[in-house]
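S.K.: the amino acid sequence is not available; the structure is as follows:
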């Protein structure tokens, strides 16, 4: 065994112990993607205020599941179009995955939902405020961490 390999084998357990005892916590990767089927989504909520606001979108199948009183399944994406001064400025997407909540510290968990902001071109906006989304949505646990579930259930085409 070479000296460098011997050092790696010897020091690796100490590095692991140092990380574990240092209070280091892993941050979950944000898995949200912009929906390729966005053009098929229907607007189920209009939250405009003055020259700004949001329009909420989901697939018809998602709305039907909500109207039936069923939990939204993994793979669900919800989209908010964000407007400022009458112009589309960005999109916010909520996406639910299998066990995604396990990747987030318990005090920040919003079920299995992740959040991401996208520019008007559908590209990830690295200055997103997903942490603020999590903090706000935590109070909606009884509604599957959604603010718009009631609008979805009341939607009429």
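M.R.: Right, received. Where do you want to start? Everything numeric here is computed off the predicted structure, so don't read it as measured data.
S.K.: going forward, measure contacts and count neighbours with C-alpha atoms only.
M.R.: Fine.
S.K.: pretty sure residue 81 is in a strand, no?
M.R.: Yes. Applying DSSP: H, G, I helix; E, B strand; the rest coil, one finds residue 81 inside a strand.
S.K.: do I have it right that it meets residue 54?
M.R.: Yes. The criterion here is C-alpha atoms under 8 Å, and residue 81 meets it with residue 54 at 5.3 Å.
S.K.: and the strands in the protein?
M.R.: 42-49, 52-58, 77-84, 87-96, 113-118 (DSSP state E).
S.K.: give me the number of residues near residue 62?
M.R.: 21 (other C-alpha atoms under 10 Å).
S.K.: contacting residues for the residue nearest to residue 95 when sequence neighbours are not counted?
M.R.: Using C-alpha to C-alpha, 6 or more residues apart in numbering and skipping residues adjacent in sequence, the residue nearest residue 95 is residue 77, 4.4 Å away. The neighbours of residue 77, taking C-alpha atoms under 8 Å, 6 or more residues apart in numbering as the test, are 35, 58, 93, 94, 95, 96.
S.K.: where does this structure have low pLDDT?
M.R.: Within the chain, the ranges that satisfy pLDDT under 70 run 1-29, 127-129.
S.K.: residues in contact with the spatially closest residue to residue 111 that is not a sequence neighbour?
M.R.: Nearest residue to residue 111, sequence neighbours excluded (C-alpha to C-alpha, 6+ apart): residue 101, at 5.3 Å. Contact criterion C-alpha under 8 Å, 6+ apart gives 109, 110, 111, 112, 113 as the residues in contact with residue 101.
S.K.: my read: residue 89 touches residue 82, true?
M.R.: Yes. Judged on C-alpha under 8 Å, residue 89 makes contact with residue 82 at a distance of 5.7 Å.
S.K.: those two: which has the busier surroundings?
M.R.: A count of neighbours by other C-alpha under 10 Å puts residue 82 above the other of residue 89 and residue 82, at 22 against 15.
S.K.: mind checking how far that one is from residue 41?
M.R.: Using C-alpha to C-alpha, to the nearest Å, residue 82 is found at 16 Å from residue 41.
S.K.: check residue 154 too.
M.R.: 16 Å.
S.K.: so those two - more neighbours on which side?
M.R.: Between residue 154 and residue 41, counted using other C-alpha under 10 Å, residue 41 has the larger neighbour count: 19 against 13.
S.K.: that one: what's it in contact with?
M.R.: 57, 58, 59, 60.
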